[in-house]
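K.L.:
quick check, what structure comes out for this input:
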Amino acid sequence: MLCKFKLYIYALFSCLTFSSVAFGASDPDLEGMPLLSMESTKPSEPVASDTLIKLGWKTGVRQMRDKQDVLGSLKTSADAKLGAHASAHWDGELRYQKTSTPSWQDFIHEAAITWRSTHWDLKVGQQRLPWGVMDFTSPSNRQSAQDLSQGVSPSLATLNRGAPAVMVRGTWGGAFAEGFYRPFTTATLLPDEGSPWGQFSPIIRLLPEAKPYAQDERYRGIGGRIGFRLGALGMRLGSYSGYDQWRINDHQALASKPSPLRYHSIDFDVSLGSWVLKGDLAWGEARRYQLNPIGLIESFDDQWLASAIGLDYQWQDFSLVLEGARIEWDQEIESLTKALDSRSTASMAIQQSFLKSDLDIHVIAQYGLDEGDWIKILKLNYKLIDHILFEGGVVDLEGPVDSLAGLYADQDYYYLEIQLAY
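P.N.:
Sure thing, here's the model as predicted:
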């Protein structure tokens, strides 16, 4: 039996997300923020040399109460110059997972060509387009499909899925404007049925997973943002019209189609010395599905409002992240996935570095405001040499049976990983 550790930390943090073992996303508009994740999924930067290739291997074991989950990930990334104004970027991954039976999955996160001029960038191909300022889930990022395939990760960070798109971005001093077009919708990736996390709802197994929805013009999406940075203040306004790639809903799965989604967003960050205040607000309309009294699926359009507020602090080798998030719908519906669809949270993360930053200790806690459930994480990172990193820790989940953490109360685990990067 796994002995639960009791770290009761009452704090503010972002929405719980499921993520892969790969670490989470950062916001390309926020440089120098005290992120908890060790990798970035922001758009690629200009290539300094003609060709740059990176390789990384990560393997580990999650020991649960009655089973063992073995995970592996081989990552490749490459950047190459294509003349004076163009470059190519590749980011791919091959994953291995073994609980009862082994499985392999390959992913192309990004495979795109970028053309750059003095003020304009044009990027075409498979790419991630993260929006928002929160260290984890941002309300304004609802246009991005998520990778939820490997359960509750030790970082609680969100990994955005790549999707085919055309993106244009213009910059003028501290201001920018950008727009993108997606030819079809990419589905959020769910846990594999044989995974310890695959029992969330038998019904959502009907939702398309690792492949896009049908390439039909009804599933196209278009979005854009404008923003500026003026001294310590940065602000961005966005708008999206397309289909909801983030929300998982059991009745939506039965309908076997993505939900139309239209929304607007605004996010900001203010640097105050060692502190950064940040906020994120999104509102709009989405198609929802429910069962009528005779058991047939019916759809209706519903208004929603999502908000998040956060505070980051960094001093020498210590960092603190506080974030709170809430989502509200005009109409309440019963859904097997309600805990994921309408979760509001208050959470906290602390990181302290030692031994000239070779050793990092992380404490993460998240509390479900409506369900009263907890996710508590204690982990350590140790850099043995420049290319070898060890990570280990404990993930504890508890709460009422109808809460998100309560559904997985038997899935809490301790783990050990080794990472190699070149």
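K.L.:
chain center to the helix or strand where residue 285 lies, what's the gap?
P.N.:
With elements taken from DSSP states H and E, the one containing residue 285 is strand 275-291. Strand 275-291 has its C-alpha centroid displaced from the chain centroid by 15 Å (CA atoms, centre = their mean, to the nearest Å).
K.L.:
counting by contacts, list what it packs against.
P.N.:
The contact analysis (3 or more CB pairs under 8 Å, 6 or more residues apart in numbering; DSSP states H and E) places strand 275-291 against strand 233-244, helix 250-255, strand 259-272, strand 297-315. For the C-beta atoms, the positions are set from N, CA and C on the backbone; glycine is no exception.
K.L.:
the first one vs strand 275-291, what angle?
P.N.:
This points to strand 233-244. Angle of strand 233-244 versus strand 275-291, following axes from the mean of the first three to the mean of the last three CA atoms, to 10 degrees, is 10 degrees.
K.L.:
tell me the strands beside strand 233-244, with direction?
P.N.:
strand 221-230 (antiparallel), strand 259-272 (antiparallel) (DSSP bridges).
K.L.:
same check on the last one?
P.N.:
Using DSSP bridges, the strands paired with strand 297-315 are strand 275-291 (antiparallel), strand 318-329 (antiparallel).
K.L.:
worst average pLDDT in the ones you listed?
P.N.:
In terms of average pLDDT, strand 275-291 trails the rest of the strands paired with strand 297-315, at a mean of 88.
K.L.:
before we move on, back to that, want to try a markdown table for the strands paired with strand 297-315, with mean neighbour count and distance to residue 125 as columns?
P.N.:
Compiled in a markdown table, these are given as follows (neighbours: other CB atoms under 10 Å; distance: least, CB to CB, whole Å):
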| stretch | mean neighbour count | distance to residue 125 |
| --- | --- | --- |
| strand 275-291 | 19 | 27 |
| strand 318-329 | 20 | 31 |
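K.L.:
could I get those strands as a markdown table with distance to residue 135?
P.N.:
Converted to a markdown table, the strands paired with strand 297-315 look like this (distance: least, CB to CB, whole Å):
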| stretch | distance to residue 135 |
| --- | --- |
| strand 275-291 | 9 |
| strand 318-329 | 5 |
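K.L.:
hmm, back to that, mean pLDDT and distance to residue 357 added to the helices and strands packed on strand 275-291, as a markdown table?
P.N.:
Below are the helices and strands packed on strand 275-291 laid out as a markdown table (pLDDT from 0 to 100; distance: least, CB to CB, whole Å):
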| stretch | mean pLDDT | distance to residue 357 |
| --- | --- | --- |
| strand 233-244 | 94 | 27 |
| helix 250-255 | 47 | 44 |
| strand 259-272 | 94 | 22 |
| strand 297-315 | 89 | 13 |
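K.L.:
make CSV out of the ones you listed and add mean neighbour count.
P.N.:
Output for those, formatted as CSV (neighbours: other CB atoms under 10 Å):
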stretch, mean neighbour count
strand 233-244, 20
helix 250-255, 20
strand 259-272, 19
strand 297-315, 17
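K.L.:
can you list the ones you listed in JSON lines and add distance to residue 74?
P.N.:
Formatted as JSON lines, the helices and strands packed on strand 275-291 follow (distance: least, CB to CB, whole Å):
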{"stretch": "strand 233-244", "distance to residue 74": "31"}
{"stretch": "helix 250-255", "distance to residue 74": "31"}
{"stretch": "strand 259-272", "distance to residue 74": "34"}
{"stretch": "strand 297-315", "distance to residue 74": "32"}
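K.L.:
between the strands paired with strand 297-315, which gets nearest to residue 381?
P.N.:
Of all the strands paired with strand 297-315, it is strand 318-329 that lies closest to residue 381, at 13.2 Å by CB to CB.
K.L.:
how about the contacts made by residue 195?
P.N.:
69, 97, 99, 149-151 (CB atoms under 8 Å, 6 or more residues apart in numbering).
K.L.:
quick one: which of the residues you listed is nearest residue 302?
P.N.:
When the contacts of residue 195 are compared for distance to residue 302 (CB to CB), residue 149 wins out at 27.4 Å.
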